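>>> Here's my sequence, what's the structure:
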Amino acid sequence: MTVQVQKRATSFNLPERVGWWARLLREPQRLLFPLVVAAGIGLWEGLVRWQQYPSFLLPGPGVVWRRFLTVAADGTLTRHASVTLIEIGLGLALGLSAALLLGYLLGKHPAVERLVAPYIVASQSVPIVAVAPLLVIWLGSGLASKVLVCALITFFPTLIST
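Numbers count the residues shown, from 1 in each chain. Below you'll find the model as predicted:
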C-alpha cells in the first residue's frame, strides 16, 4: 500500500515594505507634532529677528542650542542636573514616606482622620507656588527648601491615593 502525499504551496501575506516617507503620507497625523515643533521654532526665530529683542531677554534658537552644546561639553549641565536629581529624589522620598505613614494612620484610626483631615484639606487651599518663597525665606535657598517643596508637591496626591 502506498500513501500519496500532496504538497500544497502556502502563500503568506507579507507586509509590503515601504519607506518612512510613504508611511508618513499614509498616516498624516504623524506629521502633526514635527510640524508644530518646527512652526514654533520658526516663530521664535522670527520674533527674535523681526522684533530685535535683546539677547538677554529673548535669545534665538541658535544661541540657545550653541549654549546647550557648550554646557553639555564642559560638564556644567551634568553637574547641575545631578544636583537637581538628588534634590528631587530626596523630596520624593520625604513626601512619599510622610504621605504613606499618614495615609496608613488615617485609614486605620478614624479618630486621627477626624482630627487631621480638616488641616490636610486646608493646606491644599494655598498653592505651593505661594508657599515656596516663604520656605526660601525661612530655610534659605539651600537644599532644605528645595527638598521641602518637592515633598509638598508629592505629599497630597500620594496621601489621597493611599
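>>> which residues of the protein score low on pLDDT?
1-18 (pLDDT under 70).
>>> the domain parsing of it - what is it?
25-73, 77-161 (automatic domain parsing).
>>> Between the two ends of the longest one, what distance do you get?
Using CA to CA, to the nearest Å, one end of domain 77-161 lies 35 Å from the other.
>>> Check the offset of it from the chain's centre.
18 Å (CA atoms, centre = their mean, to the nearest Å).
>>> pretty sure Leu159 contacts Ala99?
Yes: between Leu159 and Ala99 there is a contact under CB atoms under 8 Å: 4.1 Å. Just so you know, the C-beta spots here come from the backbone N, C-alpha and C atoms, and that holds for glycine as well.
>>> With respect to burial, which of the domains of the chain scores highest?
Highest mean neighbour count among the domains of the chain (mean count of other CB atoms under 10 Å): domain 77-161, with a mean of 14.
>>> Distance of Pro28 relative to Ala39?
Distance from Pro28 to Ala39, counting by CB to CB, to the nearest Å: 16 Å.
>>> which ones are touching Ser125?
For Ser125, no contacting residues are found, by CB atoms under 8 Å, 6 or more residues apart in numbering.
>>> Which elements pack onto the helix or strand containing Val136?
Per DSSP states H and E, Val136 falls inside helix 128-139. Helix 128-139 sits against helix 143-161, with contacts defined as 3 or more CB pairs under 8 Å, 6 or more residues apart in numbering; DSSP states H and E.
>>> List of residues touching the helix it packs on?
Contacts of helix 143-161 (CB under 8 Å, 6+ apart): 87-88, 90-92, 94-96, 98-100, 102-103, 106, 120, 123-124, 128, 131-132, 135-136, 138-139.
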